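A.B. asks: Turn this into a model:
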Amino acid sequence: MTTDWITSKIFYILALIYQIIPAGFQTMQNIANDTYMLVSLNLLRAHTHVLGMRVARIGTDKKKTPEESFSELKMCVNDHREILRLLEIIKPAISQTVLTQLLATGSILCLTVFYYVTFDRGVGILISTLFYMCCLLFVSFPVCYFGNAFMMETDNLTTSIYSNNWLELPMKFKKCIIIFMQKSQESNVIYAGGLVSITLETFIAIIRLSFSMFTFLDQVNQQVVIQTQGNYTRQF
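C.D. replies: A predicted model of the protein is given here:
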């Protein structure tokens, strides 16, 4: 049975299909697992950016009455609440996953460099190691990038709220603007496992930590080699 796929074209095609279909489903599952965080954060960032543009235009259209401008502001406030509600929904799903991802990236990056420096230093291995390290970094970089972009958009939202033509609108509009600005100033940073923020700063910190771990392991390895050589010398 192990040689049927060699002696028969039909069995070869069946074996090929049997391998390709599960591999395709596994690839789709991996893509979905790796991209749902990026899609969620990017959607929140885009909605926050559009909300800032809408708020900044309130009161600039002279054809609209103050009541229409106030109604538009209330719609923006409701949309901001929806964004915050969606943020609270996706936080639990992202928090633990990203923490595990960042720890795994830092650990594997450290061990990869340590293995290359300690055991194998060929040119071919160097090229494959660099490509592998780039793939590792590419796994964690996008989620940190979009997390940082979302944080920046939430920070810019306060400026957008202040940028509308509130000076020419009634007092109730101005009071609502003050409350809206105070609410928008609350921190909307997403934390990985409740420990570190999902930002580019954290991504850089993980890389630094991995190379610090590599330095420590390299020093320990050199001490072990020196001690082993010393014991070998004393025996002879």
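A.B. asks: all strands for the chain, in order.
C.D. replies: Using DSSP state E, the strands of the chain run over 191-192, 196-197.
A.B. asks: from the ones you listed, which stretch is densest packed?
C.D. replies: The highest mean neighbour count among the strands of the chain, using mean count of other Cβ atoms under 10 Å, belongs to strand 191-192: a mean of 20. Using the backbone N, CA and C atoms, a C-beta is placed for each residue, glycine as well.
A.B. asks: Give the residue spans of the protein that score low on pLDDT.
C.D. replies: Applying pLDDT under 70 to the chain picks out residues 1-7, 120-122, 221-222, 224-236.
A.B. asks: what residues are up against the residue positioned nearest the centre of it?
C.D. replies: For the chain, the residue nearest the mean C-alpha position is residue 143 (1.1 Å; Cα atoms, centre = their mean). By Cβ atoms under 8 Å, 6 or more residues apart in numbering, residue 143 lies in contact with 37-38, 41, 94, 98, 101, 198.
A.B. asks: Same check on residue 177?
C.D. replies: Taking Cβ under 8 Å, 6+ apart, we find residue 177 in contact with 73, 161-162, 164, 166.
A.B. asks: Give me the neighbour count for residue 140.
C.D. replies: Using other Cβ atoms under 10 Å, residue 140 has 22 other residues around it.
A.B. asks: Oh, that last question was meant for residue 146, not what I typed.
C.D. replies: Neighbour count of residue 146, defined by other Cβ under 10 Å: 21.
A.B. asks: Test my guess that it contacts residue 42.
C.D. replies: Yes - if you go by Cβ atoms under 8 Å, residue 146 and residue 42 touch, sitting 5.2 Å apart.
A.B. asks: Reformat the strands of the chain as a markdown table; add distance to residue 206.
C.D. replies: Listed next are the strands of the chain as a markdown table, based on distance: least, Cβ to Cβ, whole Å:
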| stretch | distance to residue 206 |
| --- | --- |
| strand 191-192 | 10 |
| strand 196-197 | 9 |
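A.B. asks: Among those, which comes closest to residue 87?
C.D. replies: Ranking these by proximity to residue 87 (Cβ to Cβ) places strand 191-192 first, at 11.9 Å.
A.B. asks: What helices and strands are in contact with the closest one?
C.D. replies: Packed against strand 191-192 by the contact rule (3 or more Cβ pairs under 8 Å, 6 or more residues apart in numbering; DSSP states H and E) you find helix 66-118.
A.B. asks: Can you say which of the contacts of residue 177 are buried?
C.D. replies: With neighbours counted using 16 or more other Cβ atoms under 10 Å, these contain these buried positions: 73, 161, 164, 166.
A.B. asks: State the distance from the nearest residue to residue 48 once chain neighbours are set aside to residue 54.
C.D. replies: Spatial nearest neighbour of residue 48, chain neighbours left out: residue 153 (4.1 Å); criterion: Cβ to Cβ, 6 or more residues apart in numbering. Going from residue 153 to residue 54 by Cβ to Cβ, to the nearest Å gives 13 Å.
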